[in-house]
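**Q** how does the following fold in three dimensions:
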Amino acid sequence: MLRTSELQVKDVINIVDGKRLGWMRDIEVDLERGRVTAIIVPRPGGLFGWFSRSRDYVIPWENVFRIGEDVILVDLEDYAPVNQVR
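**A** Numbering: from 1, shown residues only. Prediction:
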């Protein structure tokens, strides 16, 4: 079992291009089904990334390829650096 705090210290890497996206800040949970639906990774820039949720990467759980000891690998084939990933 993993805790959210353990996930937040892992680098999130896109396996398509090897780009480091940052660290996971939060998760989305479907309370009715009791499952994680997405991970949230803040984009660089802004005032510490606090005030612009629309600039966050919202990565669907099905795009999480593997969670390793040090990294979270995600498969973002449709990675769009300017638009929100969804």
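
**Q** name the spans of the chain whose pLDDT lies under the cut-off.
**A** Where the chain drops to pLDDT under 70, the residues are 45-54, 78-86.

**Q** in it, which spans are helices?
**A** 4-7 (DSSP state H).

**Q** give the other helices and strands that the longest strand along the chain contacts.
**A** Counting by DSSP state E, the longest strand found in the chain is strand 35-41. Where contact means 3 or more CB pairs under 8 Å, 6 or more residues apart in numbering; DSSP states H and E, strand 35-41 is packed against strand 20-23, strand 26-30, strand 57-60. The way it works is simple: take the backbone N, C-alpha and C, and place the C-beta from them, glycine included.

**Q** okay if I get those as TSV plus distance to residue 69 and mean neighbour count?
**A** Below are the helices and strands packed on strand 35-41 laid out as TSV (distance: least, CB to CB, whole Å; neighbours: other CB atoms under 10 Å):
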stretch	distance to residue 69	mean neighbour count
strand 20-23	15	16
strand 26-30	19	13
strand 57-60	19	20
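
**Q** adding distance to residue 74, write the ones you listed out as JSON lines.
**A** What follows is the helices and strands packed on strand 35-41, written out as JSON lines (distance: least, CB to CB, whole Å):
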{"stretch": "strand 20-23", "distance to residue 74": "7"}
{"stretch": "strand 26-30", "distance to residue 74": "13"}
{"stretch": "strand 57-60", "distance to residue 74": "5"}
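
**Q** out of the ones you listed, which is closest to residue 2?
**A** Of all these, strand 26-30 sits nearest to residue 2, with 10.6 Å by CB to CB.

**Q** how far off strand 35-41 does the closest one point, in degrees?
**A** 160 degrees (axes from the mean of the first three to the mean of the last three CA atoms, to 10 degrees).

**Q** with only the CA atoms kept, save strand 26-30 in PDB.
**A** Extracted as PDB, the C-alpha positions of strand 26-30 are listed here (Å, rounded to 0.1, in the frame of the first residue of the first chain):
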ATOM      1  CA  ASP A  26      -2.500  15.800  -5.500                       C
ATOM      2  CA  ILE A  27      -4.800  13.100  -6.600                       C
ATOM      3  CA  GLU A  28      -8.400  13.000  -7.900                       C
ATOM      4  CA  VAL A  29     -10.600  10.300  -6.300                       C
ATOM      5  CA  ASP A  30     -13.900   9.000  -7.500                       C
END
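
**Q** brilliant, that's me finished.
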